[in-house]
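A.B. asks: Would you be able to build a 3D model of this:
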Amino acid sequence: MAVETERLFVGGAWRDAAGTFDDFNPATGEAWRAVADGGADAAADAVEAARAAQPEWAALPHDQRAKVLIDAMGAIGELQDTLVEALVDEGGSWIGKAMFETGYVGGIAQAAAAAAHMVTGELIPSASGKVSMVVREPVGVVTVITPWNFPLLLSMRAVAFALAVGNAVVLKPSEETPVAGGVLVGRIFEAAGLPPGLLNVVTCSRARVAEVGEVLVGHPAVGAVSFTGSSAVGREIAALGGRHLKRVALELGGKDALIVLDDADLERAVGAATFGSFMHAGQICMSTERILVDTAVAEEFTERFAAKAAELAVGDPRSNVIGPVINARQADKIRRHIDDAVAHGATVRTGGGNDGLFFQPTVLDGVAPDMAVWTEETFGPVAPVVTVSGEEEAVKLANDSEYGLSAGIITADEERGLSVARRLETGMAHINDTSVYDEPNAPFGGVKSSGVGRHGGKAAIEAFTTTRWLTLERGGRLYPF
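C.D. replies: Just a heads-up that it's a prediction; the model follows:
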């Protein structure tokens with residue numbers, strides 16, 4: 001049976017590429033769509049369209065730009081069924097996660113509309129009696145490159161804020177989710193009345209990622225690059241951006257810890273660990289991938305946690321909480337992590353098996369720092385549990401990672417929790433909650449190999465605008481000749 005074909009969105013028009021690539025449903029293994037396979041020429045056309053459209057958009061009163069973002073909220077509501085279908089069938093999302101994601105992006109559009117009103121400057125003192133002003137202006141063209149795990153949310157997070165503050169955007173979604181992360185974002189803003197050329201969507205196959213990326217980072221018209229994805233690819237983009245002197249905002253991988261202290265409410269701890277480890281089959285940058293439990297409560301916690309994990313149903317994501325992982329490469333990595341841990345002495349408390357891309361929620365006990373599952377980002381439904389003696393050891397082990405994105409701390413003492421949080425080398429930390437949490441107006445991002453820069457709220461304004469110094473001479477400056 002023939003599948004629908006999705007096209008590029010350049011200069012306000014939908015157009016074909018020279019070829020297409022298959023977009024697969026990970027739950028069934030069947031081709032779900034044929035998608036335009038754009039190359040370097042398409043990417044260059046998109047950047048030029050963005051460059052041509054941006055000055056007029058930036059010159060609009062900020063409330064007119066905000067109105068387009070508000071109208072995008074309405075378009076999201078009208079397209080909700082289509083968005084949910086794409087997230088489930090293309091990305092393997094549990095339907096509950098897909099409904100959350102479509103709801104959340106409406107909040108992103110609302111927060112971005114507010115950001116259009118928040119681009120402010122300041123007056124600074126002048127020794128020469130000048131009127132000395134610091135202003136923020138859009139960078140021009142922003143390239144947005146996004147991953148497959150929360151494709152709609154992570155594309156909207158960058159696109160909406162970049163547009164709100166006066167930029168034009170070229171969006172390249174993941175080749176795993178080009179529709180949910182790209183094509184549908186184009187349709188949302190087309191329906192919202194965004195003028196042509198301000199958002200361009202270039203989809204491409206894995207084979208053409210390098211050539212497209214070279215243009216989208218290196219083109220002289222590109223002022224900033226927003227990338228969300230793996231740390232390995234993020235380093236390549238940072239290096240390419242550095243070579244071309246581009247500003248980059250990178251939100252990369254994580255190996256996030258949940259610390260369960262000796263005074264923790266174990267019911268809350270188990271709930272936080274279950275959600276943090278197994279939401280979207282563990283395929284979230286903020287996923288809880290290391291659980292550090294005080295020895296005083298370790299056995300009871302692990303027993304209750306394993307029992308809870310065993311209750312989670314695996315299968316068709318329309319009716320089961322745990323759906324498929326995205327592809328065979330990811331499945332192979334997860335399998336390797338589980339097998340390596342067991343070979344080095346870890347115990348499988350529940351799960352451990354898989355049927356193709358469908359993995360059972362897995363709880364590993366007795367994990368040690370010499371195991372791959374401790375050091376490498378797993379990105380699957382695998383929860384390693386480590387016993388610690390007190391909060392000092394917990395902090396030390398939590399910081400024993402090249403990553404530093406998010407963390408959770410479970411304790412009955414909020415002051416103690418804040419003390420632990422301040423000692424963690426992470427961009428974010430949540431007391432009495434899991435590591436998986438975000439809000440559209442919050443500064444989201446990490447440290448170390450988890451990235452540089454921040455998205456969300458005022459941080460997004462800083463990411464997508466540049467600072468300028470302007471003065472008015474009022475006659476106080478004398479020249480020496």
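A.B. asks: all strands for the stretch 201-350 of the chain, in order.
C.D. replies: Counting by DSSP state E, counting those that start in this stretch, the stretch 201-350 of the chain has strands at residues 222-228, 247-251, 256-260, 288-294, 347-350.
A.B. asks: The first one packs against which elements?
C.D. replies: Based on contacts counted as 3 or more CB pairs under 8 Å, 6 or more residues apart in numbering; DSSP states H and E, the elements that strand 222-228 packs against are strand 141-145, helix 151-164, helix 209-218, helix 231-243, strand 247-251, helix 457-464. The way it works is simple: take the backbone N, C-alpha and C, and place the C-beta from them, glycine included.
A.B. asks: circling back: with mean neighbour count as extra columns, can I get the strands of the stretch 201-350 of the chain in JSON lines?
C.D. replies: Listed next are these as JSON lines, based on neighbours: other CB atoms under 10 Å:
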{"stretch": "strand 222-228", "mean neighbour count": "26"}
{"stretch": "strand 247-251", "mean neighbour count": "23"}
{"stretch": "strand 256-260", "mean neighbour count": "29"}
{"stretch": "strand 288-294", "mean neighbour count": "27"}
{"stretch": "strand 347-350", "mean neighbour count": "18"}
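A.B. asks: Kindly reformat those as TSV containing distance to Arg268 and mean pLDDT.
C.D. replies: Below are those laid out as TSV (distance: least, CB to CB, whole Å; pLDDT from 0 to 100):
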stretch	distance to Arg268	mean pLDDT
strand 222-228	29	98
strand 247-251	27	96
strand 256-260	9	98
strand 288-294	13	98
strand 347-350	20	98
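A.B. asks: Reformat the ones you listed as CSV; add distance to Leu397.
C.D. replies: Supplementary listing: the strands of the stretch 201-350 of the chain in CSV, determined by distance: least, CB to CB, whole Å:
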stretch, distance to Leu397
strand 222-228, 27
strand 247-251, 24
strand 256-260, 8
strand 288-294, 6
strand 347-350, 18
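A.B. asks: How is this protein partitioned into domains?
C.D. replies: The record assigns the chain these domain ranges, following automatic domain parsing: 5-252+450-469, 256-431.
A.B. asks: how about those domains in JSON lines, adding distance to Glu439?
C.D. replies: As requested, the domains of the chain are arranged in JSON lines below (distance: least, CB to CB, whole Å):
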{"stretch": "domain 5-252+450-469", "distance to Glu439": "7"}
{"stretch": "domain 256-431", "distance to Glu439": "11"}
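A.B. asks: wait, which of those domains is closest to Pro480?
C.D. replies: For those, the distance to Pro480 is smallest for domain 5-252+450-469, at 13.5 Å, taking CB to CB.
A.B. asks: could you say which helix or strand contains Ser174?
C.D. replies: Secondary-structure element containing Ser174, defined by DSSP states H and E: none, the residue being outside all helices and strands.
A.B. asks: thinking it is in contact with Pro147, fair?
C.D. replies: Yes: contact criterion CB atoms under 8 Å: Ser174 and Pro147 qualify, at 5.2 Å.
A.B. asks: Overlap of the contact sets of those two?
C.D. replies: Common neighbours of Ser174 and Pro147, using CB atoms under 8 Å, 6 or more residues apart in numbering, are Gly181, Gly229.
A.B. asks: Next up, the contacts around Ile334.
C.D. replies: Applying CB under 8 Å, 6+ apart, one finds that Ile334 lies in contact with Val325, Asn354, Phe359, Thr378, Phe379, Gly380, Pro381, Val382.
A.B. asks: In those, find the pair that's most separated.
C.D. replies: Of all pairs drawn from these, the one with the longest distance (CB to CB) is Asn354 and Phe379, at 14.0 Å.
A.B. asks: and the two? which has more neighbours close in?
C.D. replies: Residue environment comparison for Asn354 versus Phe379 gives the larger neighbour count to Phe379, 24 against 19, counting by other CB atoms under 10 Å.
A.B. asks: so can I have TSV of the contacts of Ile334 showing pLDDT and distance to Gly39?
C.D. replies: Formatted as TSV, the entries for the contacts of Ile334 read as follows, by pLDDT from 0 to 100; distance: CB to CB, whole Å:
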residue	pLDDT	distance to Gly39
Val325	98	29
Asn354	98	36
Phe359	98	35
Thr378	98	33
Phe379	98	29
Gly380	98	32
Pro381	98	36
Val382	98	37
